[in-house]
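S.K.: one predicted model, sequence on top.
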Amino acid sequence: MTYNPFSLSGKTVLITGAASGIGRATAIECCRMGAEVVITDINPEGLEETFRQLPVQNGTHSRIVTDLTKEEEIESLADRLPRLDGCVNNAGIMKLVLTPFLTTEIIERIQKINLIAPMMLTRNLVKKKKMKNPSSIVFTASAGGVFRVSAGNGIYATTKCGIDAFMRTTALELGSKGIRCNSVNPGMVETNLIRSGQLSEEQLEKDKKNYPLGRYGQPSDIAYAIVYLLSDASSWMTGTALKIDGGMTLA
């Protein structure tokens with residue numbers, strides 16, 4: 001067998017938000033690199049489509065429909081899981097709201113899925129000893145907020161800054177248990193989140209001019225980085241926010 005430090009062969013990985021976009025691409029790439037995956041999302045149809053697209057259908061992969069805004073469902077998910085070599089906290093939502101129009105309802109809705117859910121899932125995985133030694137936890141944050149802000153992006157950016165702070169804290173706390181914690185911080189990626197109608201095609205095309213590489217990212221661009229952070233190739237890497245933004249923050 002050819003040595004490959006990026007291989008995930010023999011590893012079991014949980015991926016949240018796997019019904020589409022970065023989550024789906026990550027599940028597919030993890031399988032291609034040899035991992036067994038457990039995928040979860042609130043959307044059963046999208047989750048089933050991701051499961052259908054997994055490269056290896058050998059009965060070792062599984063899918064669990066979960067509402068991560070409900071603490072009891074997070075705990076139930078953790079109870080059902082095998083011991084993990086990796087966890088990808090990817091589930092998230094985005095809504096552009098200018099500051100004068102923010103409401104408690106909007107703030108709490110975005111916080112629940114973007115910030116509270118990954119914190120509580122990580123807490124349950126650690127408390128229930130579901131993470132192996134060694135293992136890796138990857139959080140999906142965002143370059144838009146952590147490294148750069150834009151109008152209407154206040155609450156989304158706040159949650160993503162928060163998840164990066166939580167990532168660094170858990171990296172410090174869990175290092176002695178052999179659990180590494182890192183994040184990916186994407187720029188704009190071609191997913192359903194940016195095709196939701198909140199930005200017009202004209203606005204999107206104008207925004208692309210801020211990217212030196214001349215395009216938005218693809219979900220696979222982020223998935224490749226996540227595979228790296230899950231693999232043994234990054235075994236001396238923890239507490240790092242990995243920026244993947246096509247050069248956007250250079251502009």
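M.R.: Structure received.
S.K.: grab the most central residue of this protein for me.
M.R.: By Cα atoms, centre = their mean, the chain has its centre lying nearest to residue 90, at 2.2 Å.
S.K.: okay, it: pLDDT?
M.R.: pLDDT, residue 90: 99.
S.K.: three-state assignment of residue 139?
M.R.: Assigned by DSSP: H, G, I helix; E, B strand; the rest coil, the conformation of residue 139 is strand.
S.K.: counting neighbours, what do you get for the nearest residue to it once chain neighbours are set aside?
M.R.: Spatial nearest neighbour of residue 139, chain neighbours left out: residue 183 (4.2 Å); criterion: Cβ to Cβ, 6 or more residues apart in numbering. All C-beta spots, glycine's among them, are computed from the backbone N, C-alpha and C. The burial count assigned to residue 183 is 27, neighbours taken as other Cβ atoms under 10 Å.
S.K.: got any ranges where the stretch 1-150 of the chain has weak pLDDT?
M.R.: By pLDDT under 70, the low-scoring segments of the stretch 1-150 of the chain are 1, 57-59.
S.K.: enumerate every residue touching residue 235.
M.R.: Contact analysis of residue 235 by Cβ atoms under 8 Å, 6 or more residues apart in numbering lists 134, 180.
S.K.: look at it and report its pLDDT.
M.R.: pLDDT, the model's per-residue confidence, is 99 for residue 235.
S.K.: can you give me the distance of it to residue 243?
M.R.: Using Cβ to Cβ, to the nearest Å, residue 235 is found at 21 Å from residue 243.
S.K.: am I right that residue 88 is in a strand?
M.R.: Yes: judged by three-state DSSP, residue 88 forms part of a strand.
S.K.: that one and residue 13 touch, don't they?
M.R.: Yes: the pair residue 88 / residue 13 is scored as a contact, 6.7 Å apart, by Cβ atoms under 8 Å.
S.K.: between the two, what contacts are shared?
M.R.: Common neighbours of residue 88 and residue 13 (Cβ under 8 Å, 6+ apart) are residue 230.
S.K.: more neighbours: which of those two?
M.R.: Neighbour count, other Cβ under 10 Å: between residue 88 and residue 13, residue 88 has more, with 30 against 26.
S.K.: can you tell me the closest non-neighbouring residue to that one?
M.R.: Closest to residue 88 by Cβ to Cβ, 6+ apart is residue 15, at 4.5 Å.
S.K.: can you report phi and psi for residue 8?
M.R.: Per-residue torsions, residue 8: phi -110, psi 20 (degrees, to the nearest 10).
S.K.: repeat for residue 12
M.R.: phi -110, psi 130.
S.K.: that one pairs with what?
M.R.: Beta bridges link residue 12 to residue 36 when assigned by DSSP bridges.
S.K.: great, nothing more from me.
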